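J.: got a sequence here, can you model it:
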Amino acid sequence: MQMHMRHRSRILRRVVRPQQSSADGDGGTGEGAECAEQCAASSLRALHELWNVQHEHEAEVQLASFAACSWFGPMTRLRAAQCQNTLGRLRLARGAFTKLKQREAAKLALRQVEVMNMPELE
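T.: Below you'll find the model as predicted:
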């Protein structure tokens, strides 16, 4: 188990600090944008091993599940990080979005009542 965790940590370090290419990336001839795309693509490929996915689409779904949870508070994000699979993380996000939608609908209803009770409208 500990060896597996060290291996995952090593993979994560490679993702966080991808190797720099030889391009200087000053953006003068568009090389900077190309370098940025290549670095992002290589980082996503490195995540394949960390996330135990075989295909680009699987990695994109995994990334989207983390992005969906980025809108929430620290406790929900922590629970999302602790999820063992993508489906669990997406279910967590759906539940959190449902609660957010209900909370915002309640706020809107209260605001409408406040507006309807304004003396200027009588």
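J.: for stretch 104-114, what is the average pLDDT?
T.: Averaging pLDDT along stretch 104-114 gives 94.
J.: er, stretch 73-88 actually
T.: pLDDT averaged over stretch 73-88 gives 91.
J.: ditto for stretch 44-54
T.: pLDDT averaged over stretch 44-54 gives 81.
J.: any buried residues in that stretch, and which?
T.: 44, 46, 47, 48, 50, 51, 53 (16 or more other Cβ atoms under 10 Å). (C-beta placed from N, C-alpha, C; glycine too.)
J.: which element is residue 61 on?
T.: If you go by DSSP states H and E, residue 61 is part of helix 56-69.
J.: mind giving me the packing neighbours of the lengthiest helix in the chain?
T.: The longest helix of the chain (DSSP state H) is helix 86-116. Helix 86-116 makes packing contacts with helix 56-69, helix 74-82 when contacts are defined by 3 or more Cβ pairs under 8 Å, 6 or more residues apart in numbering; DSSP states H and E.
J.: what residues of the longest one count as buried?
T.: Of the residues in helix 56-69, 59, 61, 62, 65, 66, 68, 69 count as buried by neighbour count, 16+ other Cβ under 10 Å.
J.: that helix vs helix 74-82, what angle?
T.: In terms of direction (axes from the mean of the first three to the mean of the last three Cα atoms, to 10 degrees), helix 56-69 departs from helix 74-82 by 160 degrees.
J.: which SS state does residue 53 fall under?
T.: Three-state assignment for residue 53 (DSSP: H, G, I helix; E, B strand; the rest coil): coil.
J.: and it, what is it in contact with?
T.: If you count contacts by Cβ atoms under 8 Å, 6 or more residues apart in numbering, residue 53 has them with 47, 59, 62.
J.: ok, residue 56 next?
T.: Contacts of residue 56 by Cβ under 8 Å, 6+ apart are residue 44.
J.: and the gap between it and residue 45?
T.: 8 Å (Cβ to Cβ, to the nearest Å).
J.: quick one on the thing from earlier: ok, the buried residues of helix 56-69 vs residue 77, which is closest?
T.: Comparing these against residue 77 with Cβ to Cβ places residue 69 closest, at 5.6 Å.
J.: sorry, back to before: okay, the helices and strands packed on helix 86-116 in a markdown table with distance to residue 120 next?
T.: Putting these into a markdown table (distance: least, Cβ to Cβ, whole Å) gives the following:
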| stretch | distance to residue 120 |
| --- | --- |
| helix 56-69 | 42 |
| helix 74-82 | 40 |
